[in-house]
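[1] I need the structure of the sequence given here:
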Amino acid sequence: MKAHWRSITAALLGLFVLAGSVVGYRVLTNPGWSLKKFQTQPLNWSSCYGNFDCTSFKVPVDYNAIDDRTFTLQVLRHKAIDQRNRLGALIVNPGGPGGSGVDYAYNADSIVSPALISKYDIVGFDPRGVNTSEPIRCLSDKAEDEFLANDGQASNMQEVRAMVAKAKNFAASCARAAGDRIGHYSTLEGAKDMEILRLALGEKKLNYLGKSYGTYLGTLYAALYPNSIGHMVLDGAVDPNVSLKEQDLIQAQGFDQALNDFLASQHKFTLADIEKLIADAKEKPMVTTHQRSSTQALIITAIAASLYDNQAGWPKLAIALTQAINYKNPNELLSIADDYYQRDSFGKYVNNENDISNIITCSDWSVKDSPEQMLADRSRFQAAAAIFGPFLNFAGLTCKYWKAAPVAPKRKLTNIKTPPIIVIGVTRDPATPYLWSKALAGDLTNSVLLTFDGEGHTGHGRGNSCIDSKVDAYFLTGQSPAPGLVCVESGN
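    Numbering: from 1, shown residues only. Reported below is the predicted structural model:
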């Protein structure tokens, strides 16, 4: 569920009321930090990166046992051009999990319209453990290469045992890196951190634009603090009530459908060609000019990454497949995978998104199935999605061996009563399938589902005038789209 932008770093607790804003904390008496102190801390801004301002704020490591342990979270702001008619701050999150809100806000001129840049401060923060906010890395660059290249499918218990060993090693490495904080990288805690930021910004209400995984962050915020919402757009929604296993299955189906749509759009390659390319990579992977093996996992990653964007990604995929299938040259496929994983030409990972993505996922979701049960489910995954099913079948294996219990809502996230919210869904979105957006719109009782009938991941900011104009009108005037509105790819 990731999207990448220019990077400036590359140079529920005991009481959780879904329909209200009541949250219970067990606060420990100490001479330093208290919940009130976190909620009333000032922000000290300084100029940075040309036309931006930077600051940081502190949040408790554990909201259920507040003491002097803190995370320091970094913030970047692009101030509204028209300060006289400024409408407030708009907090943005690109998804991930593990995507950088700082980098996203740094791209303010390309993620929102000039009209919103004129009237809103565009604010991004890096959640705990992400990018610039006390980033956590579990693996060295070399070990990261090995982990990501590992073929993420298994058809027998011998292969399963090898995958289990790698999953256990990764989980143990993250536990060593995080120490006693390993249980505190959840999205639920991130939503509470965002409320601390709202208060520090001096905003009476939260205005928020969240994409992909960022919709889950927004949903949890809405459940915790419904009366603090001003305007909220959730684009490419995650269904908060679907298990990790079912998420993986539905995503596999989404990516298979997108792949079939891509293949139908051109006449060079067939599904059989893709199947052969992947099968050959297991027995005899192609080698790049830099002597890197194009494993099944890296090929699958390259294909999936290309399917996020039919406008830019599909043409790149066509070129990469031509080179790989016709000329046995995997360089372009691995270049796409490297771009997705933020790996530079020297083999260095420019941020920690790969590690923190797993950390946040395992902090949010529990995995109860045994490896044997996962293997037994292989046939169901493969029947549902012939290409991606076998690879996503074991996607939750690392979380099975996680060293901390998830920090998650105690109830289903339904019947959430808030001010008007827009949920955007794309009918053929591979990463966050349309049915998730429909489900979330049903869970948020005062939301409007805005539909983009087309391909690709998320709908806003992709040049569709129908979608973008409705989002602008909502943020600028409070006007929600008409219920049932469907925007087509032509933009009308």
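
[2] mind listing the strands for the stretch 151-300 of the chain?
    Counting by DSSP state E, counting those that start in this stretch, the stretch 151-300 of the chain has strands at residues 206-211, 229-235.

[3] I'd like those as TSV, with mean pLDDT, mean neighbour count and distance to Cys138 appended.
    Heads up, the C-betas are built off the backbone N, CA and C, glycines and all. TSV is the format used below for the strands of the stretch 151-300 of the chain (pLDDT from 0 to 100; neighbours: other C-beta atoms under 10 Å; distance: least, C-beta to C-beta, whole Å):
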stretch	mean pLDDT	mean neighbour count	distance to Cys138
strand 206-211	98	26	25
strand 229-235	98	25	29
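
[4] Quick one, which of those strands gets closest to Asp62.
    Between Asp62 and the strands of the stretch 151-300 of the chain, the shortest separation by C-beta to C-beta is 22.9 Å, and it involves strand 206-211.

[5] Now the closest one - C-alpha only, PDB.
    Only the C-alpha atoms of strand 206-211 are listed here, as PDB (Å, rounded to 0.1, in the frame of the first residue of the first chain):
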ATOM      1  CA  LEU A 206      -8.500  18.000  12.900                       C
ATOM      2  CA  ASN A 207      -8.400  18.300   9.100                       C
ATOM      3  CA  TYR A 208      -6.900  15.200   7.600                       C
ATOM      4  CA  LEU A 209      -6.100  13.600   4.200                       C
ATOM      5  CA  GLY A 210      -5.100   9.900   4.500                       C
ATOM      6  CA  LYS A 211      -4.200   7.600   1.600                       C
END
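
[6] so which of the strands of the stretch 151-300 of the chain comes closest to Ala318?
    Nearest to Ala318, of the strands of the stretch 151-300 of the chain and by C-beta to C-beta, is strand 206-211 at 25.7 Å.

[7] which other helices and strands contact that closest one?
    strand 88-93, helix 187-201, helix 213-224, strand 229-235 (3 or more C-beta pairs under 8 Å, 6 or more residues apart in numbering; DSSP states H and E).

[8] Ignoring the adjacent residues along the chain, who's closest to Gly459?
    Once flanking residues are discounted, Gly459 sits nearest to Phe452: 3.5 Å by C-beta to C-beta, 6 or more residues apart in numbering.

[9] just checking, what packs against whatever helix or strand that neighbour lives in?
    Secondary structure from DSSP states H and E places Phe452 in strand 447-455. Secondary-structure packing of strand 447-455 (3+ C-beta pairs under 8 Å, 6+ apart): strand 421-428, helix 434-443, helix 465-477, strand 486-488.

[10] wait, Glu455 sits on Asp261?
    Yes: look at Glu455 against Asp261 with C-beta atoms under 8 Å: they come within range, at 6.1 Å.

[11] returning to what we had before: save the strands of the stretch 151-300 of the chain as TSV, and put in distance to Ala191 too.
    Shown next, in TSV, are the strands of the stretch 151-300 of the chain (distance: least, C-beta to C-beta, whole Å):
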stretch	distance to Ala191
strand 206-211	10
strand 229-235	12
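
[12] Out of those strands, which gets nearest to Asn358?
    strand 206-211 (19.7 Å).

[13] What lies in contact with that closest one?
    Under the contact criterion C-beta atoms under 8 Å, 6 or more residues apart in numbering, strand 206-211 has outside partners 3, 87-95, 111-112, 120, 194-195, 198, 217-218, 221, 225, 228-236, 458, 460, 471, 475.

[14] switch to 7 Å and redo it
    Residues from elsewhere that reach strand 206-211 (C-beta atoms under 7 Å, 6 or more residues apart in numbering): 3, 88-95, 120, 198, 217-218, 221, 228-236, 458, 475.

[15] try stretch 355-371
    Under C-beta under 7 Å, 6+ apart, the answer for stretch 355-371 is 96-98, 129-130, 136-139, 160, 164, 174, 185-187, 244-245, 396, 398-400, 402, 406-408.

[16] Can you point out the buried residues in that stretch?
    Judged by neighbour count (16 or more other C-beta atoms under 10 Å), stretch 355-371 contains these buried residues: 355-365, 367, 369, 371.

[17] Perfect, that will be all.
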